[in-house]
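In: Using only what follows, build the 3D model:
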Amino acid sequence: MQLLISDQTLQDYLSKNKIQKIAKKKFTKLLLLRVPLRLGFDVFKSQEISEKKAKKLCRLMKAYRQMMLIYDVDVYRACATSAMRDAKNGTEIIELIKKETNINIEIIEGKEEAKLIYGNHLECMQDRKGNFIYVDVGGGSTEINFISNGELIFTKSYNIGTVRSLSGTVEKDTITKLEADLDKLATQYQEINIIGSGGNINKLYKMAENKDPQNQRVSVAEIQKLYNKLSSLTVAQRIEEFNLNEDRADVIVPAAQIFLLVASRTNAAFIHVPVMGLADGIIDALYEKELKKQN
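Out: As a prediction, the model looks like this:
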């Protein structure tokens, strides 16, 4: 669970046919607070969030409410993803949180999650030539978006994630479906580049000895090298040798495995890492929504 508080500045306006459009927009990250509750470990095994985790979640949302008051937040959006989508008692817990904190949490579907993730990058890619597969690996699901010459061709969410993998609850049929979809894209389109999103690929990029900072990319071969090293170590050894947080040291291996799977099926040589994800997409969508209200 994470809280991202951002400020935004409208830098320039263009006026044409009485319609105002944003030429540039800038977001300043004031606070990013990440708390690894890992609801998925409960949900993917028992289909419910435990009472203990539910209490922690409620306490966390109360803390987030206080932080929003401190920062004078006017507009917010709270989103729940894969674990809450699967939880039988998800709605019940959300109602409790609403009562205790007055924060309304929305359970968003996989397609909306994927749209929020790629949306802010799609604007920047309208004039970019080439084929890009946008891959966001989360705890419970992986969102795939395929963009060709700036046009969104394919979008889908798969119940394949790091926490779900560690809990041993990823279904073989889901992996088979992902592989089939990737094979189809690779057959129809040539020279596919990967754009990676999520905390794990960001960390892998930072850990890579050989990378291309100018183009914000790292070779698939370098990720494979890191994966081979990390997967040979215990979680404790990864923490010590790579100075990883405990909540990162276990999930980083299945995350790398998912990115390598996508790369192998699409014959991609590089992974671009713009260091943006779902929270940034939510901020971008809120910005656009508020701007429409003003116009």
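In: Only C-alpha atoms from now on, for both contacts and neighbour counts.
Out: Fine.
In: SS state for residue 193?
Out: When classified by DSSP: H, G, I helix; E, B strand; the rest coil, residue 193 comes out as strand.
In: Next up, the contacts around it.
Out: 131, 132, 133, 268, 269, 270, 271, 272 (C-alpha atoms under 8 Å, 6 or more residues apart in numbering).
In: Between those, which sits nearest residue 73?
Out: Of all these, residue 73 sits closest to residue 272, with 32.4 Å by C-alpha to C-alpha.
In: What is the subsequent helix or strand relative to the helix or strand encompassing residue 61?
Out: Per DSSP states H and E, residue 61 falls inside helix 51-70. Remark: after helix 51-70, the chain's next helix or strand is strand 78-80, criterion DSSP H and E.
In: and for that following strand, what are the contacting residues?
Out: 103, 104, 105, 106, 107, 108.
In: hmm, 6 Å instead?
Out: 105, 106, 107 (C-alpha atoms under 6 Å, 6 or more residues apart in numbering).
In: The next helix or strand after that strand - what's its average pLDDT?
Out: For strand 78-80, the following helix or strand on the C-terminal side (DSSP H and E) is helix 82-86. Averaged across helix 82-86, pLDDT comes to 87.
In: Repeat that for stretch 218-238.
Out: Across stretch 218-238, the per-residue pLDDT values average to 97.
In: Sketch out the low-pLDDT regions of this protein for me.
Out: Low-confidence segments of the chain (pLDDT under 70): 1-27, 117-128, 276-277, 295.
In: same for the helix or strand residue 279 falls within, what does it pack against?
Out: Element membership for residue 279 (DSSP H and E) is helix 278-294. Judged by 3 or more C-alpha pairs under 6 Å, 6 or more residues apart in numbering; DSSP states H and E, helix 278-294 is in contact with helix 110-124.
In: quick one: the helix or strand just after the helix it packs on to helix 278-294, angle?
Out: Later in the chain than helix 110-124, the nearest helix or strand by DSSP H and E is strand 131-137. Here strand 131-137 runs at an angle of 110 degrees relative to helix 278-294 (axes from the mean of the first three to the mean of the last three C-alpha atoms, to 10 degrees).
In: Strand partners (parallel or antiparallel) of strand 131-137?
Out: Here strand 131-137 has these sheet partners by DSSP bridges: strand 142-148 (antiparallel), strand 192-197 (parallel).
In: Can you tell me what sits against it?
Out: 142-148, 192-198.
In: Which members of these are the farthest-apart pair?
Out: Put simply, by C-alpha to C-alpha the two of those set farthest apart are 148 and 198, 21.7 Å from each other.
In: quick one: which of the two has more around it?
Out: residue 198 (22 against 18; other C-alpha atoms under 10 Å).
In: Tell me, domain by domain, which residues of the chain belong where.
Out: 2-107, 110-279 (automatic domain parsing).
In: Go through the ones you listed and name the closest to residue 288.
Out: Going by C-alpha to C-alpha, the one of those nearest residue 288 is domain 2-107, 9.4 Å.
In: and the gap between the residue nearest to residue 192 when sequence neighbours are not counted and residue 142?
Out: Excluding its sequence neighbours, the residue lying closest to residue 192 (C-alpha to C-alpha, 6 or more residues apart in numbering) is residue 131, at 4.9 Å. Separation of residue 131 from residue 142 (C-alpha to C-alpha, to the nearest Å): 19 Å.
In: and what of residue 174?
Out: Distance from residue 174 to residue 142, by C-alpha to C-alpha: 11 Å.
In: Residue 98 now?
Out: Taking C-alpha to C-alpha, one finds residue 98 at 28 Å from residue 142.
In: More neighbours: those two, which one.
Out: Shown here are residue 98 and residue 142; by other C-alpha under 10 Å, residue 142 has more neighbours (26 against 15).
In: wait, the more buried one sits on residue 155?
Out: No - in this structure residue 142 lies outside contact range of residue 155 using C-alpha atoms under 6 Å: 10.9 Å.
In: Lovely, talk soon.
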